[in-house]
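Undergrad: from the sequence below, what's the structure:
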Amino acid sequence: MGNTQERIPVLALWSAPRCRSTAFARMMTERGDRVVVHEPFSRVVDFGEVEVDGRVARSEQDVLAALGAVAAQKPVFFKDTTDFHYPALLADETFLSAATHTFIVRDPAEAIASHHALNPDLGRDEIGFARLYEIFTAVQAATGTTPVVIDSEDLLDRPAETVRAYCSAVGIPFLPDALRWEPSMRPEWQSTSKWHRSTSETAGFTRGRNGGAETVEADPTLRAYRDYHLPYYEKLRAVALRP
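TA: Below is the predicted model of the structure:
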């Protein structure tokens, strides 16, 4: 069912953990044409509060309100990960339809291997592809259209073409100079720095140490996690942009 809700200048990128969304957000920061907010939903669940462009939010509802307040002054981009469940977001049909929600995916075996290396106590649900698909279908239902999805493999193999296609799909200008940046640990990454170290050492979309699929295949628990999340990944990958 379609929705005639007036659009707001909020652009979101949703990702399962370890799917290269931080690198994409780094590129969005380099553009300099909007406020970039780092993981407001996951941070408010994890830490109990988060700052959204100077506003302190202490709940999902606060985050939704803060994003709307910032967007009333200037365009906003935020990226977030689905290691947590976000019931207030899923219940807010106005925000689901008024903001522009986009998605990024990565092969689950590689994402799980990368995630498990940082968190050996990793549980099935925090891998996040099922929750990612839940948000995707909620946006689809609220808007009556299929949200934009990109495959992070395309981002590494054809960065300019993939970002150009993304920008065209969401209606923002393509800024090629934003595809390169100075390596650094961004201030907004400090409190969760171990998760962002690899991105802090990059100067663009580059492939780091790849693989890990063999590790997942050899571990019965991780293999079961992969098999659970694979169908959700495949549904999202099937509608991804083809740069």
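Undergrad: pLDDT weak spots in the chain?
TA: Low-confidence segments of the chain, defined by pLDDT under 70, span residues 1-5, 183-204, 208-211.
Undergrad: for it, what spans make up the strands?
TA: In chain order, the chain shows strands spanning 10-15, 35-38, 50-52, 55-57, 76-81, 100-105, 148-151, with DSSP state E as the criterion.
Undergrad: same for the second one, what does it pack against?
TA: Which is strand 35-38. Applying 3 or more C-beta pairs under 8 Å, 6 or more residues apart in numbering; DSSP states H and E, we find strand 35-38 packed against helix 21-31, helix 60-71, strand 76-81. From N, CA and C alone the C-beta is placed, and that goes for glycine too.
Undergrad: contacts for the shortest one?
TA: Strand 76-81 has contacts (C-beta atoms under 8 Å, 6 or more residues apart in numbering) with 9-17, 21-22, 24-25, 28, 34-42, 53, 67, 70, 128.
Undergrad: what pairs with it, parallel or antiparallel?
TA: Its sheet considered, strand 76-81 pairs with strand 10-15 (parallel), strand 35-38 (parallel) by DSSP bridges.
Undergrad: and residue 28, what does it touch?
TA: For residue 28, the contacting residues are 13, 34, 36, 77, 79, 178, by C-beta under 8 Å, 6+ apart.
Undergrad: enumerate every residue touching the first one.
TA: With contacts defined as C-beta under 8 Å, 6+ apart, the neighbours of residue 13 are 21, 24, 25, 28, 77, 78, 79, 80, 102, 103, 104.
Undergrad: and the gap between it and residue 149?
TA: Using C-beta to C-beta, to the nearest Å, one obtains 10 Å as the distance from residue 13 to residue 149.
Undergrad: and for those two, which residues touch both?
TA: Taking C-beta under 8 Å, 6+ apart as the contact criterion, the common neighbours of residue 13 and residue 149 are 102, 103, 104.
Undergrad: now, of those residues, which are buried?
TA: Buried residues within the shared contacts of residue 13 and residue 149, counting neighbours by 16 or more other C-beta atoms under 10 Å: 102, 103, 104.
Undergrad: CSV for the residues you listed, including distance to residue 231?
TA: As requested, those are exported to CSV (distance: C-beta to C-beta, whole Å):
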residue, distance to residue 231
102, 21
103, 15
104, 18
